[in-house]
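In: below: sequence and its predicted model.
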Amino acid sequence: MSECDFLTIFDALPDLCLVLRPNDPIYTIAAANSAARLALTREVAIVGRSVFEVIPDDSGERLASLRRVATTKATDCMPVRCSRSAVSSPAPGGKGEAGFIIHRVAVSLNGDTAEASFSLAFAQAPIGMALLTPEGRIIEVNQAFSNMLGYSAAELTSGDSLPFTHPDDAGPTRNFFALLREGRASRGRIEKRYIRKDGELVWASASATMRRDEHGRPTQVVAIVEDITARKRAETRYRFLAESFRKWCGRQRRTA
């Protein structure tokens, strides 16, 4: 995954995520996704500040956790008893050191704030995103997804996703949703073809996560959809050239 792809998906995540520099004991925020900016400070000027300015660490547990990550280069979970607990994971640098720390924060939000955080990330994501029922009916899409397929949001949310799916990919798409719905996987990825409104085919890589209620029942699928048409065309050209070269080599051997 390229840096651009990572940043796109990072900013669209509904979780509150920070990228920290391991400059002990400050741990400067190098990047923050939309949900973090809204829920933690409600302002954009979060980057460049110490994580402890944004999330007070009266118990010292957060600092201890970040130090363990920087030292062991392994993921560390803060104790559940801590206010605003978090999971921190190292992002190795060029020489194997912890170049950055990915700090996913679990904050206690009321329903309105949590929904606002997710809605902001969803709407502003420069990559296609969609909310679907566990059965695959489209509930909501962002502008990037609408642009990718050439349909309005109203047209896309009028039924399930299969009318916009290439017929040969309808079966695998149903199986993919069944896998998530039945709990055999909480998240997954599928490459499939969509049919644009103008009839053109669009290859897409869809990463989906099943959201569940407090009883474990499936409630909603969150999908991040990336247009990979250019990559698929390049792969087709490569295979054609490779096959043409193989045949040319065969003819050369026969005439030698």
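Out: Received it, and whenever you're ready, just let me know what you need. Numbers count the residues shown, from 1 in each chain.
In: ok, residue 22 touching residue 70?
Out: Yes - using Cβ atoms under 8 Å as the test, residue 22 is close enough to residue 70 to be in contact (4.4 Å). For every residue, glycine as well, the C-beta is placed using N, CA and C.
In: which elements pack onto the helix of greatest length in the chain?
Out: Looking across the chain with DSSP state H, the single longest helix is helix 229-255. If contacts are counted by 3 or more Cβ pairs under 8 Å, 6 or more residues apart in numbering; DSSP states H and E, helix 229-255 sits against strand 201-212.
In: so how far is the strand it packs on from its chain's centroid?
Out: Mean-position distance between strand 201-212 and its chain equals 10 Å (Cα atoms, centre = their mean, to the nearest Å).
In: so what strands line up beside it?
Out: Within its sheet, strand 201-212 is paired with strand 187-195 (antiparallel), strand 218-227 (antiparallel), according to DSSP bridges.
In: now those as JSON lines including mean pLDDT and mean neighbour count?
Out: Listed next are the strands paired with strand 201-212 as JSON lines, based on pLDDT from 0 to 100; neighbours: other Cβ atoms under 10 Å:
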{"stretch": "strand 187-195", "mean pLDDT": "90", "mean neighbour count": "16"}
{"stretch": "strand 218-227", "mean pLDDT": "88", "mean neighbour count": "19"}
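In: mind checking these for the one nearest to residue 241?
Out: strand 187-195 (21.9 Å; Cβ to Cβ).
In: helix 229-255 and the closest one, what's the angle between them?
Out: 80 degrees (axes from the mean of the first three to the mean of the last three Cα atoms, to 10 degrees).
In: distance from the chain centre to strand 187-195, please.
Out: With Cα atoms, centre = their mean as the basis, the mean position of strand 187-195 lies at 14 Å from the chain mean.
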